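Q: Here's a sequence, model it:
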Amino acid sequence: MTAASRAIDPITLEMYWRRMVSIVGELGSTLRRTSFSTVVRDIGDYGCAIFDARARLLAQTPDSTPGLCGPLGAMLNRFLEAIPPATLVEGDVLIGNDPWAGSGHHNDVSIMLPVFHRAKLIGYVMTCCHHVDIGGRRATTESRDNYEEGLRIPMLKFHRAGEMNTDVLAFIQSNVRSSETVVGDLGAQVAACHVGSERMRELCTELGAPDLQALADEIVARSEEVTRSEIRKLRKGTFSHDAQVDIVGGQTLLIRTTVTITDDEIVVDYSGSSPQVAPAINCTLTYTSAYTVFGILCMLDLPVAVNEGTLRPIRVVAEEGSVLNCRFPAPVFGRTAIGTFLPDFVYQAIAPAAPERICAEAGATPMWGQYMFGKRSDGENFAPFNVSSGGLGARAHRDGVSCLAFPYNVGNTPAEVVESEVPVLVEERSLWQDSAGPGQFRGGLGQRYVLRLLDGDLGPSGDVLASFRGGRFIHPPLGVLGGGSAPRGFLSIRGDQQDAGKQVVLRAGDRIVSQIPGGGGYGDPRQRSREAVKRDLQDGLISAEHARTQYGYEPTL
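A: Predicted structure coming up:
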């Protein structure tokens, strides 16, 4: 810690530290308000962060999806390897979407802006958004390699000294189908980065400092100390869990999770997990690390916001060539089908060591949703991503939350938004009775979600190409510490049971039924409060048969 950093008194530090967090909040608000797509505006599939001049994370948007926020540091370092800081000038904006450097698939495009104050480089602003289209085979796990998954954007200057690089823009426009929406969202990312850069300069002016290094040093050092201190409270040892995960085509993969807790460090090692596979569900190490670290940080429940210091005591290991650290050119589009499970598996492993800090498996994992591509009757294209979530697993002393997107942290798309974007009717969106895993504390409930493609004048012009995300069709969300499992997921199209990931042609009048599981239970179901069982029964959340068989509860007449 430098002499300058020690000169920052606690009140001043707290005030400016909070300002750092507010800056990324304003970044996220700007991005959502100026975006063109529902996937950013309504679902919140984006990430924003600010870094100091040494590329250390200072703050990130807390309401963003970890898969986009978590890899921003790795992406920034890759930007700076390709385009060194000494070559950057004020007004430069960089762009790239390398899955192995960033968030794991091409649709997530990162924008970086170097921040200058009085001609000195003082930091970086980063945004990453899921874009509705990036070319290629659209949204499918059937891609045979990474080249089929759309436009690969190397680390390039999108703006040069304040001027748009029209060559880069032309390549993007020529390779995506929804170019107006994609270019609009890229513009929103640039606008958000400019807001962040202005706020960082204002911070320097208020501090009366040439840069943010003294403040950054203090934040990082204090955060690392707090994180290691919290780790010291945990039981030391090595804890393991083997999980079976079903993927597209009815295959089952093994994810082997070994968590080692030492005096002040946590290492999560996935060695022994299945090798990378042909379907496009492979994870890059940056994506694997992002969700693993997010799960650990949720468990630690630190009193400080995520930054470089909170990340240092956590390390993630996965064998190269495995499904969690795949080699290029493995297909990776549907990496959520594996990566979002990882916090659950970490919790299953360390449940005996930290029972008060973990929750049962989430029925929301993997992400459920629909991509639909077609034309409305007026000839306008549509290409939204519609998300619907299952239930959170139960926790120590508390039931799970129903229909909550954990760990990927995006919103359920409102029915009104879906119906305004796509010629569909939301016929049903209801809590799925008996979908929560039983336990002393039950899981959150999942949902039954029914869409019907309209016909006639209100229907689409021609067929609609669709791809569906979802899972838990074979292996249900597990309970923990004696809690029961939630039911398996179910997907049908035109009355026929379906798998997720494959492209399907929809026609006017087709119905899509999704039954998305709830979360697993926590603790022995027979220990659940009789009043709680009675209340769930009265509210219609469970049936009389479920109350009787799972909880041993006989309602009195």
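Q: Please name the nearest non-neighbouring residue to Gly552.
A: Arg526 (5.5 Å; Cβ to Cβ, 6 or more residues apart in numbering). Every residue, glycine included, has its C-beta placed from N, CA and C.
Q: Would you verify that that neighbour is located in a helix?
A: Yes - the assignment for Arg526 is a helix, going by DSSP: H, G, I helix; E, B strand; the rest coil.
Q: what about it, how many neighbours?
A: Using other Cβ atoms under 10 Å, the number of residues around Arg526 comes to 13.
Q: likewise Ala119?
A: Ala119 has 7 neighbours, counted by other Cβ under 10 Å.
Q: Now it: phi and psi?
A: Backbone torsions of Ala119, given as degrees, to the nearest 10, read phi 70, psi 10.
Q: OK, contacts around it?
A: Glu90 (Cβ atoms under 8 Å, 6 or more residues apart in numbering).
Q: Next one, pLDDT for it please.
A: On pLDDT, Ala119 comes in at 95.
Q: do Ala3 as well
A: pLDDT for Ala3: 38.
Q: Can you list the low-confidence ranges for this structure?
A: 1-7, 557 (pLDDT under 70).
Q: what's the domain layout of it?
A: Using automatic domain parsing, the domain parsing of the chain gives 3-225, 359-557.
Q: now for those domains, which one comes closest to Thr238?
A: Shortest distance between Thr238 and these, using Cβ to Cβ, is found for domain 359-557: 18.7 Å.
Q: still on that earlier bit, out of the domains of the chain, the one nearest Gly321 is which?
A: It's domain 3-225; of these, that one is closest to Gly321 (Cβ to Cβ) at 13.0 Å.
Q: what's the offset of the closest one from the middle of its chain?
A: 16 Å (Cα atoms, centre = their mean, to the nearest Å).
Q: any chance of the domains of the chain in TSV, plus distance to Leu297?
A: TSV is the format used below for the domains of the chain (distance: least, Cβ to Cβ, whole Å):
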stretch	distance to Leu297
domain 3-225	9
domain 359-557	10
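Q: of all the ones you listed, which lies closest to Ser240?
A: Checking the domains of the chain against Ser240 by Cβ to Cβ gives domain 359-557 as the closest, at 14.8 Å.
Q: just to revisit the earlier point, for Pro343, which of the domains of the chain is the nearest?
A: It is, among the domains of the chain and with distance given as Cβ to Cβ, domain 359-557, at 4.7 Å.
Q: Using PDB, write down the CA coordinates of stretch 115-134.
A: In PDB, the C-alpha atoms belonging to stretch 115-134 read as follows (Å, rounded to 0.1, in the frame of the first residue of the first chain):
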ATOM      1  CA  VAL A 115     -10.000   6.900 -20.400                       C
ATOM      2  CA  PHE A 116      -7.700   9.900 -20.500                       C
ATOM      3  CA  HIS A 117      -7.500  12.700 -18.000                       C
ATOM      4  CA  ARG A 118      -5.200  15.700 -18.900                       C
ATOM      5  CA  ALA A 119      -3.600  13.500 -21.600                       C
ATOM      6  CA  LYS A 120      -2.800  10.700 -19.200                       C
ATOM      7  CA  LEU A 121      -4.300   7.200 -19.400                       C
ATOM      8  CA  ILE A 122      -6.200   6.700 -16.100                       C
ATOM      9  CA  GLY A 123      -8.300   3.600 -16.800                       C
ATOM     10  CA  TYR A 124     -10.700   1.700 -19.000                       C
ATOM     11  CA  VAL A 125     -14.400   1.300 -19.400                       C
ATOM     12  CA  MET A 126     -15.900  -1.900 -20.700                       C
ATOM     13  CA  THR A 127     -19.300  -3.000 -21.800                       C
ATOM     14  CA  CYS A 128     -20.500  -6.400 -23.200                       C
ATOM     15  CA  CYS A 129     -23.900  -7.200 -24.700                       C
ATOM     16  CA  HIS A 130     -25.600 -10.200 -26.100                       C
ATOM     17  CA  HIS A 131     -26.600  -9.300 -29.600                       C
ATOM     18  CA  VAL A 132     -29.700 -10.600 -31.300                       C
ATOM     19  CA  ASP A 133     -27.800 -11.900 -34.300                       C
ATOM     20  CA  ILE A 134     -24.100 -12.400 -35.200                       C
END
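Q: And the strands in the stretch 51-200 of the chain?
A: 57-60, 93-96, 108-117, 120-130, 156-160, 163-164 (DSSP state E, counting those that start in this stretch).
Q: would JSON lines of those with mean neighbour count and distance to Asp496 be doable?
A: Output for the strands of the stretch 51-200 of the chain, formatted as JSON lines (neighbours: other Cβ atoms under 10 Å; distance: least, Cβ to Cβ, whole Å):
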{"stretch": "strand 57-60", "mean neighbour count": "26", "distance to Asp496": "42"}
{"stretch": "strand 93-96", "mean neighbour count": "23", "distance to Asp496": "41"}
{"stretch": "strand 108-117", "mean neighbour count": "24", "distance to Asp496": "32"}
{"stretch": "strand 120-130", "mean neighbour count": "25", "distance to Asp496": "29"}
{"stretch": "strand 156-160", "mean neighbour count": "18", "distance to Asp496": "45"}
{"stretch": "strand 163-164", "mean neighbour count": "12", "distance to Asp496": "48"}
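Q: Out of the ones you listed, flag the one nearest Gly391.
A: Gly391 lies closest, by Cβ to Cβ, to one member of those: strand 120-130, at 23.4 Å.
Q: May I have the residues that are in contact with the residue nearest to Val220 when sequence neighbours are not counted?
A: Computed as Cβ to Cβ, 6+ apart, the closest residue to Val220 that is not its neighbour in sequence is Gly309, at 4.1 Å. By Cβ under 8 Å, 6+ apart, the residues touching Gly309 are 219-227.
Q: try 7 Å
A: By Cβ atoms under 7 Å, 6 or more residues apart in numbering, the residues touching Gly309 are 219-224, 227.
Q: Tell me how far it lies from Pro407.
A: For Gly309, the distance to Pro407 (Cβ to Cβ, to the nearest Å) stands at 22 Å.
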